[in-house]
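Q: sequence unknown, structure follows:
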């Protein structure tokens, strides 16, 4: 992999993590919580600057950053300490990081949509046919799918964008599916639909319509595609828990940087390189946002759960007990990260 691709990958990874921490930082400041340190990068400090009550620093390794708030993980007598802020304010600070990741994903999807030059719809525009005989290669057409149909759901899964459509067709183990389409303004259910292209031997046996870019359809598509990406990640997590995917399918920072580097090398033009990187970056940042909302100790989701419990009990859980839970979670996540990173390195050398 080229050095330039590695640098691009590190930059993308750096921006995603720093924006997450900036979300915590910005909302903490707005809520009047004292922020002691805000760092770009990790490791030894290259530059430091004290501005007001906060020390800002640029650190050696561009693999993230952190926001250290007063009284975040322990006791403090400071009236502006994190632990002394109201529950709603602390919830806002905690959830701000993941929200920044989801917002970044929306922005990146908007940019990639503009770069593609059109907006994909869910409307069937045609079916592949033999140019000489006009014989259709599409099996779904023979099962009742028609030109003008708009996909609504497949096997009970609501189809919001072409991302959902591609995911469902690629991962569905059923040969025959129940498809609901919008036809002339009404929902029509098609039973036992089989998607199969007799020429390519793949499941893509129809073409969907693309619309010219417009402000509203671009924003709408980006918003729905952000939701679709988030649902895809939830589905992947469910498949991981149920055993459909295993440990060998996981990737850590090394694997992510490698994937971004490969994306940066995809295509022949700068536009293709950029579109590929931004598409993958949007998936990763939404992934970071969703993952951090999981109720796993040491993650934002677990801290949010503790705050919900505090709101119900009307008194906080002892900081030392909460700290022990987060410390245990951090240790387990750290061990998992080491194992996944080792696996990523092995895969890298195997390539």
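A: Structure's in. What do you need? Owing to the predicted nature of the structure, the values given are computational and were not obtained by experimental measurement.
Q: Could you pull up phi and psi at residue 41?
A: Backbone torsions of residue 41, given as degrees, to the nearest 10, read phi 90, psi 180.
Q: Now it. Nearest residue, chain neighbours left out?
A: Using CB to CB, 6 or more residues apart in numbering and skipping the chain neighbours, the partner closest in space to residue 41 is residue 59 (3.6 Å). Glycine gets a C-beta too; all of them are placed from N, C-alpha and C.
Q: Surely the one you found forms part of a strand?
A: Yes - assessed with DSSP: H, G, I helix; E, B strand; the rest coil, residue 59 lies in a strand.
Q: Pull up the per-residue confidence for it.
A: pLDDT recorded at residue 59 is 87.
Q: Ok, residue 350 next?
A: Looking at residue 350, its pLDDT stands at 68.
Q: Remind me what the helix ranked longest in the chain packs against, helices and strands.
A: Assignment by DSSP state H gives helix 319-350 as the longest helix of the chain. Based on contacts counted as 3 or more CB pairs under 8 Å, 6 or more residues apart in numbering; DSSP states H and E, the elements that helix 319-350 packs against are helix 253-264, helix 300-313.
Q: weakest of the ones you listed in terms of mean pLDDT?
A: Minimum mean pLDDT among the helices and strands packed on helix 319-350: helix 253-264, a mean of 67.
Q: Now do the residue sitting nearest the centre point of the chain against residue 337, distance only.
A: Central residue of the chain (CA atoms, centre = their mean): residue 286, 2.1 Å from the mean position. According to CB to CB, to the nearest Å, residue 286 and residue 337 sit 20 Å apart.
Q: What about residue 148, how many residues nearby?
A: Residue 148: 12 surrounding residues under other CB atoms under 10 Å.
Q: ditto for residue 219
A: Counted with other CB under 10 Å, the neighbours of residue 219 add up to 14.
Q: rewinding a little: where's the residue nearest to residue 41 relative to residue 181, distance?
A: From residue 59 over to residue 181 the distance is 53 Å, taken as CB to CB.
Q: quick one, which of the two is more surrounded?
A: The neighbour count for residue 59 versus residue 181, taken as other CB under 10 Å, is higher for residue 181 (24 against 19).
Q: Wait, a strand at that one?
A: Yes - checked against three-state DSSP, residue 181 lies within a strand.
Q: For it, give the beta-bridge partners.
A: Applying DSSP bridges to residue 181 yields these beta-bridge partners: residue 151, residue 188.
Q: give the contact list for it.
A: Counting by CB atoms under 8 Å, 6 or more residues apart in numbering, residue 181 touches 145, 149-152, 187-188, 190.
Q: shaky segments in the chain?
A: Residue ranges of the chain with pLDDT under 70: 1-5, 63, 243-258, 260-261, 264, 348, 350-351.
Q: Which stretches in it count as strands?
A: Secondary structure of the chain, counting by DSSP state E: strands at 35-51, 54-69, 118-126, 150-154, 157-158, 177-183, 186-193, 207-212.
Q: Contacts for the fourth one, please.
A: In other words, strand 150-154. Strand 150-154 is contacted by residues 121-124, 158-159, 165, 168-169, 172, 177-183, 187 when judged by CB under 8 Å, 6+ apart.
Q: Tell me how far the residue nearest to residue 105 when sequence neighbours are not counted lies from residue 302.
A: Nearest non-adjacent residue to residue 105, counting by CB to CB, 6+ apart: residue 286, 3.9 Å away. Distance from residue 286 to residue 302, counting by CB to CB: 20 Å.
Q: and what of residue 179?
A: For residue 179, the distance to residue 302 equals 40 Å [CB to CB].
Q: Same drill for those two, tell me which one is more crowded.
A: Legend: neighbour count by other CB under 10 Å for residue 179 and residue 302, higher for residue 179 (24 against 20).
Q: Does that one touch residue 190 like I think?
A: Yes - if you go by CB atoms under 8 Å, residue 179 and residue 190 touch, sitting 4.6 Å apart.
Q: what's the burial count for the closest residue to residue 116 other than its chain neighbours?
A: Once flanking residues are discounted, residue 116 sits nearest to residue 275: 6.8 Å by CB to CB, 6+ apart. Residue neighbour count, defined by other CB under 10 Å, stands at 20 for residue 275.
Q: before we move on, back to that, can you lay out the strands of the chain as TSV showing distance to residue 23?
A: Below are the strands of the chain laid out as TSV (distance: least, CB to CB, whole Å):
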stretch	distance to residue 23
strand 35-51	12
strand 54-69	9
strand 118-126	29
strand 150-154	34
strand 157-158	29
strand 177-183	38
strand 186-193	40
strand 207-212	33
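Q: so which of the ones you listed gets nearest residue 103?
A: Closest to residue 103 of the strands of the chain is strand 54-69 (CB to CB; 17.0 Å).
Q: Show residues contacting stretch 44-59.
A: Stretch 44-59 is touched from outside by 34-43, 60, 65, with contacts defined as CB under 8 Å, 6+ apart.
Q: Buried only: go through the residues you listed for me.
A: Buried residues within these, counting neighbours by 16 or more other CB atoms under 10 Å: 34-35, 37-41, 65.
Q: re earlier: which of the contacts of residue 181 has the largest number of neighbours?
A: Neighbour counts for the contacts of residue 181 peak at residue 151, which has 24 neighbours (criterion: other CB under 10 Å).
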